[in-house]
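Engineer: A structural model of the following input is requested.
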Amino acid sequence: MNNNESVIQSFYQAFQSRDYKSMQNVYADNAVFSDPVFPSLNAAEVKSMWEMFCVNGKDLKIEFSKVSATENTGSAEWLATYTFSATGKKVKNRITAHFQFENGKIVKHTDTFDFYNWSKQALGFTGLLLGWTSFVKNKVRKTARKSLMYYTQKKHGDRKSK
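Structural biologist: Got it, this is the predicted structure:
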C-alpha cells in the first residue's frame, strides 16, 4: 500500500468511527471538494461538512472498498447508509470518490453518485416524480448549503460578527 492509499484508507476508517478531526487532517489548506449536493466547497467548508455528518449522523454507517492510488491521484468506492433527517427516510448511497494529492494531503476530492437514485430514497414520492429535475437538485443544494452554514455558525460562532 502506497502513502496515498494509506491516506484514503485512514480517511474512511476515521469516517467509520466518526472521527472527523482525523478526516479533516488529511486535507490540505487549499483543498476543494465537490459532489452532486455540495458542488463547490473550500477546505474549511469540507472540513465542516464532514464534522456535521459525523456529529449529526445518528445511524450513519460507512463501508468502503476498491481503494487505489498513484503518486498524485486516487479513488475509492463507498456506501453511506443513514436516515435522511429531513424526511426520516432510509438512504443507501453508493459513491465513487476521486482524489488528487500534493505532499501527502488531499487537494481535490470529488464524489459522484446518482442524484436521482438518492432523491428517490431520501425524498420519497417527490424524489421519484421530480428528483431528476434541476429544480429539485437546486433546492437540495440550497438547503444543504444553508444547513452547512447554520452548523458552522452554531458550532464555531459567526466569525463575521466578532
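
Engineer: In the longest helix seen in the chain, which residues are buried?
Structural biologist: Using DSSP state H, we find that the single longest helix of the chain is helix 134-156. Taking 16 or more other Cβ atoms under 10 Å as the basis for neighbour counts, the residues of helix 134-156 that come out buried are 136-137, 140-141, 144-145, 148, 151-152. (Each C-beta comes from the backbone N, C-alpha and C, glycine too.)

Engineer: same check, this time on stretch 32-44
Structural biologist: Neighbour counts using 16+ other Cβ under 10 Å place 32-38, 41, 43 of stretch 32-44 among the buried residues.

Engineer: ok, now stretch 117-134?
Structural biologist: Going by neighbour count (16+ other Cβ under 10 Å), the buried part of stretch 117-134 is 117-123, 127, 131.

Engineer: same check, this time on stretch 57-66
Structural biologist: Within stretch 57-66, the residues that count as buried by 16+ other Cβ under 10 Å are 57, 60, 62, 64.

Engineer: now stretch 97-110
Structural biologist: Buried positions in stretch 97-110, judged by neighbour count with 16+ other Cβ under 10 Å: 97, 99-101, 105-109.

Engineer: Among the residues you listed, which ones are in strands?
Structural biologist: Counting by DSSP state E, the members of the buried residues of stretch 97-110 that fall within strands are 97, 99-101, 105-109.

Engineer: before we move on, the earlier item: mind putting the buried residues of stretch 97-110 in CSV, distance to Ser85 and pLDDT included?
Structural biologist: Listed next are these as CSV, based on distance: Cβ to Cβ, whole Å; pLDDT from 0 to 100:
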residue, distance to Ser85, pLDDT
Ala97, 23, 98
Phe99, 27, 98
Gln100, 31, 98
Phe101, 32, 98
Lys105, 31, 97
Ile106, 27, 98
Val107, 31, 98
Lys108, 28, 98
His109, 23, 98
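
Engineer: Strands along the protein, start to end?
Structural biologist: So, for the chain - with DSSP E - the strands run 27-34, 41-42, 61-69, 73-84, 89-102, 105-112.

Engineer: so what's the closest residue to Thr70 other than its chain neighbours up against?
Structural biologist: Beyond its immediate neighbours in the sequence, the residue positioned closest to Thr70 (Cβ to Cβ, 6 or more residues apart in numbering) is Asn4, lying 7.1 Å away. Shown here is Asn4, whose contacts under the criterion Cβ atoms under 8 Å, 6 or more residues apart in numbering are 69-74, 99, 101, 104.
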